[in-house]
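Asker: Sequence and predicted model, in that order:
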Amino acid sequence: MPDHQLAHATFHVMGDSLVPTFWTDYFGVKPDTAIVKGEYFVTPSGRTSRMPGRSGLWGVRSETFVLSDTLEPHLRYLTDRLNLTRPGLRELLERERVKARFWCYWRNATGDRVPDVPDDIRAILELLGGVIEIDEYR
């Protein structure tokens, strides 16, 4: 495997009204990213942002927990860790006026790799009213 994984995923809850501590308590997981709209935040490099957040964002990554160059293990890890199939999550997202998504990193320098997003994972996000975004890099 190269020094840099060819795939990883992040689960985000996002929206202008998002309160990161609410989602940390709800999922019982410390986020890798927590941004409150209008407030300065800590960037991935550990520095304070130069601009306040344009929107609220709460996110958990798979990259440091899953060693795989395919998406499926990353998506399954996040789905299980956050228990995304729990009853009432879609209603809670709607009530809090936020959206859910999987953001996926997909390195495809050769152009012959196809992202592997299982149908059951797609169905889970669809039930939550969320989306799966794949950011492909060549």
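Answerer: Sure, I can see it.
Asker: Going by C-alpha atoms from here, please, whenever you check contacts or count neighbours.
Answerer: Will do.
Asker: What's the first helix or strand after the top helix by length along the chain?
Answerer: Of all the segments of type helix in the chain, defined by DSSP state H, the longest one is helix 71-81. Proceeding N to C from helix 71-81, the next assigned helix or strand is helix 89-95, under DSSP states H and E.
Asker: Can you name the next helix or strand after that following helix?
Answerer: strand 99-107.
Asker: Now find how far off-centre the very next helix or strand once past that next one is within its chain.
Answerer: The first helix or strand that comes after strand 99-107 along the chain, using DSSP H and E, is helix 119-127. Here the centre of helix 119-127 is set off from its chain's centre by 14 Å, with Cα atoms, centre = their mean, to the nearest Å.
Asker: just the angle between helix 119-127 and strand 99-107, please?
Answerer: Helix 119-127 and strand 99-107 are oriented at 140 degrees to each other (axes from the mean of the first three to the mean of the last three Cα atoms, to 10 degrees).
Asker: Identify the residues contacting helix 119-127?
Answerer: Where contact means Cα atoms under 8 Å, 6 or more residues apart in numbering, the residues beyond helix 119-127 that reach it are 75-76, 79, 84-85, 90, 100-101, 131-132.
Asker: try stretch 29-37
Answerer: Contacts with stretch 29-37, where a contact means Cα under 8 Å, 6+ apart, come from 16-20, 24, 41, 44, 52-61, 82.
Asker: And the contacts of helix 119-127, which of them are buried?
Answerer: With burial judged by 16 or more other Cα atoms under 10 Å, the buried subset of the contacts of helix 119-127 is 75-76, 79, 84, 90, 100-101, 131-132.
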